[in-house]
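In: Predicted model and sequence follow; I will ask about them next.
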Amino acid sequence: MNIAVRLKSVTKSFNGVKVLDNIDLEVCRNDYLLLLGPNGAGKTTLLKIIMNVLKPDKGTVEVYCKRISCVFQEPRLLPWKTALDNVALPLIARGMSKGKARKIAGEWLHKVGLQGYENYYPRQLSSGQQQRVAIARAFAIEPDLLLLDEPTSNLDPENKRYVMKLIKKLLNEFKTTVIHVTHDPLEALNLATRIAYISYDHKLQVYDRSEAGKVLRSCGLTGVSYMKAIDQLEAHRFITASESPPLIIKNIHEGKS
Amino acid sequence: MKTSTIHQKALAKHGFLFLNFIGFLVLLALWQILSITLGEFLVPSPSTTITTLARLATKGVLLQELSMTLVHLASGAFIGFILGFTMGLIAGFQREVDHIFNPFKWIGLTAPVPVIAVIAMLWFGIGDFTVVFLTALVTAPLVYVSIKEGVISIDLELMEMAKVYKFTPWMMLRHIYIPAMIANIVASLTHALEFGIRATVFGEFMCGKSGVGYALFAAWYRLSSSEVFAWALTCIFLACSIEVIIVKPLKSWSLKWRVQQ
Ligand SMILES: Nc1ncnc2c1ncn2[C@@H]1O[C@H](COP(=O)(O)OP(=O)(O)OP(=O)(O)O)[C@@H](O)[C@H]1O
Ligand SMILES: [Mg+2]
């Protein structure tokens, strides 16, 4: 099997407090891993370890990906650079010429529906638009590993839907390995090939389809939401990476409003 | 909001220029009256002072001392800036070092300039080096504080993002550190010049062998009141020119730069 990320007994503490406890995780190429868990469980910390901005105290981290992108909870755009330059800079960092990087950045801004906003500074854009710039930036380097850390949690319901739809659309055109942290499993349930859950005791469990119901319940999904999620699971069976069938895009929220 | 303050400033500048001029005339008149009542020795009149100044200028002394002061200021402020900048960077990135530097900072910021001057004189005697040393020592802590605060204020999340997207060290410097710190860099430069010129003139007065501060001292020593006034006027003029030619434009440039962002 083609492994993209492999963590072996990864442990991390901050000031003596354990935040990740002996984590084992394997993510295959073109997997879509939904990473769930309560606040403070250590999800962001785990992503930081994978993107190598944090080192674990113990354990090994193997990442077989060259181009890693991350969409954070906040857009994290450079305030003094235009939308276009914000998207172009990671390309330039990879040795692309300025002109070519700008051209590609423009194309990606177009794809996220921001044509005409190229020369806007972040403060001139709404939060939703800023987050779309961040998405364009993430996709522009054609990542072989895309990390999503609650990319929609600062947005209003309307924008949440829009941004998730956009990510799904882009993933449909450009296939890659995804680890998606969210508190709203419904927003990407139909994409997920596997679900991982970090619990209060900072341990990680990976579940597959048959056990997904259990995870969803522990995420606090009850009543109608829970039924809907289960419907989703029934309707779209979990896709394993090796099969890689076309992704089915259906937004469960659409039924609600 | 920032734009409107700039606007008000511009209005104030032009609208009140006339009033400034009136204030200047009042000052001149007071000077003249004092000179008449107290006599030419205690208060040389404006015209005497200007004549003396012209005489000093034609002799070449004025330009010579002025340029010496500028050399003292430039080298002292430069050394102080480099020193404060480097230490500020280190302390900003390494918080433990910050605490080690703290006692130095307190002494540097709070010690009265004469205290530093006397000690400098004790060590290095009288001369150019002592003046430069004094200027550097006065400016370095100011630069240090400003730069350190700049480093601390750099957004950690942006640095994290830049790391994920593999920004090169040069790109980090150019696209994150410098833009994030530009206001602090400018503030520290202007501080270095504003406080530096005072320290330089004072240093020349107390422990120098050249420069306008020294010339002021020499005139005072010879009891030549017209020359004292002439050199005093030169000192004030020099400090004002630095403020108007360098400090103000730098400040407004950095403010504008910030507003644009
Ligand atoms: N740099 C740090 N220094 C000290 N403690 C930290 C640091 N980063 C994270 N923590 C702590 O680690 C724990 C896990 O944080 P993390 O951000 O990984 O949680 P999370 O699962 O992403 O939570 P959320 O759902 O709220 O985003 C928290 O208790 C947090 O306070
Ligand atoms: Mg988090």
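Out: Here it is on my side, so go on. Ligands and ions are numbered 1, 2, ... in the order given.

In: State the distance from the nearest residue to B:I178 once chain neighbours are set aside to B:P179.
Out: Spatially, and ignoring its direct neighbours in sequence, B:I178 is nearest to B:I185 (7.5 Å; Cβ to Cβ, 6 or more residues apart in numbering or on different chains). The way it works is simple: take the backbone N, C-alpha and C, and place the C-beta from them, glycine included. According to Cβ to Cβ, to the nearest Å, B:I185 and B:P179 sit 10 Å apart.

In: cool, and A:R76?
Out: Distance from A:R76 to B:P179, counting by Cβ to Cβ: 15 Å.

In: Comparing the two, which shows the higher neighbour count?
Out: A:R76 (23 against 19; other Cβ atoms under 10 Å in any protein chain shown).

In: still on that earlier bit, now the residue nearest to B:I178: phi and psi?
Out: The phi/psi pair for B:I185 (degrees, to the nearest 10) reads phi -60, psi -50.

In: what about it, neighbour count?
Out: That count, for B:I185 with other Cβ under 10 Å as the rule, works out to 20.

In: ok, it touching B:E149?
Out: No: using Cβ atoms under 8 Å, B:I185 is not in contact with B:E149, being 11.2 Å away.

In: tell me the contacts of A:D21?
Out: Contact partners of A:D21, counting by Cβ atoms under 8 Å, 6 or more residues apart in numbering or on different chains, are A:11, A:201-203.

In: again, but for A:L36
Out: A:43, A:181-183, A:185, A:195-198, A:215, A:219.

In: Any idea how many residues pack against the residue in chain B that ligand 1 sits nearest to?
Out: Minimum separation of chain B from ligand 1 (Cβ to the nearest ligand atom) falls at B:L156, amounting to 8.9 Å. A total of 9 residues lie near B:L156 under the criterion other Cβ under 10 Å.

In: As a check, name the ranges of all strands in chain A.
Out: Under the criterion DSSP state E, chain A contains strands at A:3-14, A:17-28, A:32-36, A:58-63, A:68-71, A:145-149, A:177-181, A:194-198, A:204-207.

In: Neighbours of the residue of chain B found nearest chain A, how many?
Out: Across chain B, no residue is closer to chain A than B:Y165, which sits at 3.8 Å (Cβ to the nearest Cβ). Neighbourhood size, B:Y165 [other Cβ under 10 Å]: 25.

In: what do you get for the one 10 residues further on?
Out: As a burial measure, B:H175 scores 22 neighbours (other Cβ under 10 Å).

In: Quick check, it in contact with A:P90.
Out: No: checked against Cβ under 8 Å, the pair B:H175 and A:P90 is beyond contact range at 11.1 Å.

In: Identify the contacts common to the two.
Out: B:F167.

In: Low-confidence ranges, the chain, go.
Out: Assuming you mean chain A. Applying pLDDT under 70 to chain A picks out residues A:1, A:209-257.

In: The chain in question should be chain B.
Out: B:1-14, B:258-261.

In: what does it put close to chain A?
Out: Counting by Cβ under 8 Å from any Cβ of the partner chain, the residues of chain B close to chain A are B:157-158, B:160-161, B:163-168, B:171, B:175-176, B:179, B:261.

In: Derive a ChimeraX selection command for the buried subset of those residues.
Out: Selecting the buried subset of the residues of chain B next to chain A in ChimeraX, with 16 or more other Cβ atoms under 10 Å in any protein chain shown as the burial test, is done by:
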select /B:158,160,161,164,165,167,171,175,176,179
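
In: Between all of the residues of chain B next to chain A, which two are separated the most?
Out: B:K166 and B:Q261 (24.3 Å; Cβ to Cβ).

In: Give me the domain ranges for chain B.
Out: According to automatic domain parsing, chain B comprises the domains B:1-43, B:49-260.

In: For these, state which one has the densest average packing.
Out: Ranked by mean neighbour count, the domains of chain B are led by domain B:49-260 with a mean of 18 (mean count of other Cβ atoms under 10 Å in any protein chain shown).

In: Distance check, the residue nearest the centre of chain A against ligand 1.
Out: For chain A, A:L148 is the residue whose C-alpha lies nearest the centre (Cα atoms, centre = their mean; 2.0 Å). For A:L148, the distance to ligand 1 equals 12 Å [Cβ to the nearest ligand atom, to the nearest Å].

In: ok, the closest residue to A:L54 other than its chain neighbours - how many residues close by?
Out: The shortest distance from A:L54 to any non-neighbouring residue, by Cβ to Cβ, 6+ apart, is to A:K48 (4.1 Å). Using other Cβ under 10 Å, A:K48 is surrounded by 21 other residues.

In: surely A:K48 meets A:K55?
Out: No: assessed by Cβ under 8 Å, A:K48 is found out of contact with A:K55, at 9.5 Å.

In: Enumerate the residues of the stretch 101-250 of chain A near chain B.
Out: So far as Cβ under 8 Å from any Cβ goes, the stretch 101-250 of chain A lies against chain B at A:121, A:123, A:137, A:141.

In: Leaving out chain neighbours, which residue sits closest to the second one?
Out: On the basis of Cβ to Cβ, 6+ apart, the spatially nearest residue to A:R123 that is not a chain neighbour turns out to be A:P79, at 6.4 Å.

In: Surely the one you found is in contact with A:Y120?
Out: No: applying Cβ under 8 Å, one finds A:P79 not in contact with A:Y120, separated by 11.8 Å.

In: Mind checking which of those two has more residues around it?
Out: A:Y120 (17 against 13).

In: Now do the phi/psi pair for the residue nearest to B:A180 when sequence neighbours are not counted.
Out: Nearest residue to B:A180 in three dimensions, chain neighbours excluded: B:I154, at 4.6 Å (Cβ to Cβ, 6+ apart). Torsion angles at B:I154 (phi, psi; degrees, to the nearest 10) stand at phi -70, psi 130.

In: and if you look at A:C65?
Out: According to degrees, to the nearest 10, A:C65 has phi -130, psi 140.

In: Grab the nearest non-local neighbour of it.
Out: In space, A:C65 is closest to A:L145, 3.8 Å off (Cβ to Cβ, 6+ apart).

In: so what's the one you found up against?
Out: A:4-5, A:50, A:63, A:65, A:67-69, A:176-179.

In: helices or strands next to the helix or strand hosting B:I82 in the packing?
Out: Secondary structure assignment for B:I82, by DSSP states H and E: helix B:61-93. In this structure, helix B:61-93 packs against helix B:46-59, helix B:95-110, helix B:128-153, helix B:178-207, helix B:212-221, helix B:225-242, with contacts taken as 3 or more Cβ pairs under 8 Å, 6 or more residues apart in numbering or on different chains; DSSP states H and E.

In: any idea of the angle it forms with helix B:225-242?
Out: Angle between the axes of helix B:61-93 and helix B:225-242 is 40 degrees (criterion: axes from the mean of the first three to the mean of the last three Cα atoms, to 10 degrees).

In: residues of the lengthiest helix in chain A that come out buried?
Out: Longest helix of chain A, by residue count under DSSP state H: helix A:157-173. The neighbour-count check on helix A:157-173 (16+ other Cβ under 10 Å) flags A:159-164, A:166-168, A:170-171 as buried.

In: ok, now stretch A:127-147?
Out: Neighbour count says stretch A:127-147 has A:128-141, A:143-147 buried, by 16+ other Cβ under 10 Å.

In: Please narrow the residues you listed to those residing in helices.
Out: Going by DSSP H, the helices hold A:128-140 from the buried residues of stretch A:127-147.
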